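Engineer: this one's sequence-less:
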Ligand SMILES: O=c1ccn([C@@H]2O[C@H](COP(=O)(O)O)[C@@H](O)[C@H]2O)c(=O)[nH]1
């Protein structure tokens, strides 16, 4: 595992190295949710098996975005962003909301779990943005409950239109990394220097 000391940029680069080493950066032919294919896939789900790297990432993400956003609550896009949002909530004592993908047909039947009042603000946490559709689904469920979504905080923007699609809907995205930055970090790794 890479060191988590150094400047903010060094720590972000170290995270990309860690992500690559644990198999979170995949090369091949991958179909995206919107139907397009890509030779690179970011699989941040693997972080669940590496809690220390997961924690480092969650804290880096909030160190970057926390000062930029106004929020009473945070809400992770299900399911990938839930552990990231949980760590941010616990470390920074920020109330968290949980969005269900489907309402239960028993009990409270709520889609948004957690305590809130109408008009309160919420920031969305997401792992990767491609088209922005996953973030928009979460925005809609939160807004249907009377919450005001102020921004989305994302680990990687793949640069495939999602940020603009969301801006067109009035939502600002703050991303820690771009796919292009991840690719540069990958090519800078000593073992990959001959690939350039
Ligand atoms: O490299 C990738 C690309 C996408 N994902 C997952 O897809 C959605 C984002 O796609 P949208 O089109 O913006 O809805 C997101 O939930 C990611 O988990 C990915 O994991 N890796």
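Structural biologist: All right, it came through fine. Since we're looking at a predicted model, the values are computed, not measured.

Engineer: bridging residues for residue 31?
Structural biologist: residue 37 (DSSP bridges).

Engineer: number of residues surrounding it?
Structural biologist: Per other Cβ atoms under 10 Å, the neighbour tally for residue 31 reads 10. No exception for glycine: its C-beta is placed from N, CA and C like everyone else's.

Engineer: say whether the ligand is contacted by the helix or strand containing residue 127.
Structural biologist: Secondary structure from DSSP states H and E places residue 127 in strand 121-129. Yes. Applying Cβ under 6 Å from any ligand atom, one finds strand 121-129 in contact with the ligand at 127-129.

Engineer: now these as CSV including neighbour count and pLDDT?
Structural biologist: What follows is those, written out as CSV (neighbours: other Cβ atoms under 10 Å; pLDDT from 0 to 100):
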residue, neighbour count, pLDDT
127, 24, 98
128, 23, 98
129, 25, 98
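
Engineer: show me where the chain has strands.
Structural biologist: 25-31, 37-42, 73-76, 96-99, 112-113, 121-129, 148-157, 173-178 (DSSP state E).

Engineer: what residues does this structure put near the ligand?
Structural biologist: Residues of the chain lying close to the ligand by Cβ under 6 Å from any ligand atom are 32-34, 41-42, 77, 80, 127-134, 158, 162.

Engineer: where does this protein have low pLDDT?
Structural biologist: For the chain, residues meeting the criterion pLDDT under 70 lie at 3, 193-196.

Engineer: ok, now with 80
Structural biologist: Judged by pLDDT under 80, the chain has its weakly predicted residues at 1-4, 103-105, 108-109, 193-196.

Engineer: all helices of it, in order?
Structural biologist: 8-21, 51-65, 82-92, 133-144, 162-168, 179-188 (DSSP state H).

Engineer: and those as CSV, adding mean neighbour count?
Structural biologist: Shown next, in CSV, are those (neighbours: other Cβ atoms under 10 Å):
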stretch, mean neighbour count
helix 8-21, 18
helix 51-65, 19
helix 82-92, 19
helix 133-144, 18
helix 162-168, 18
helix 179-188, 16
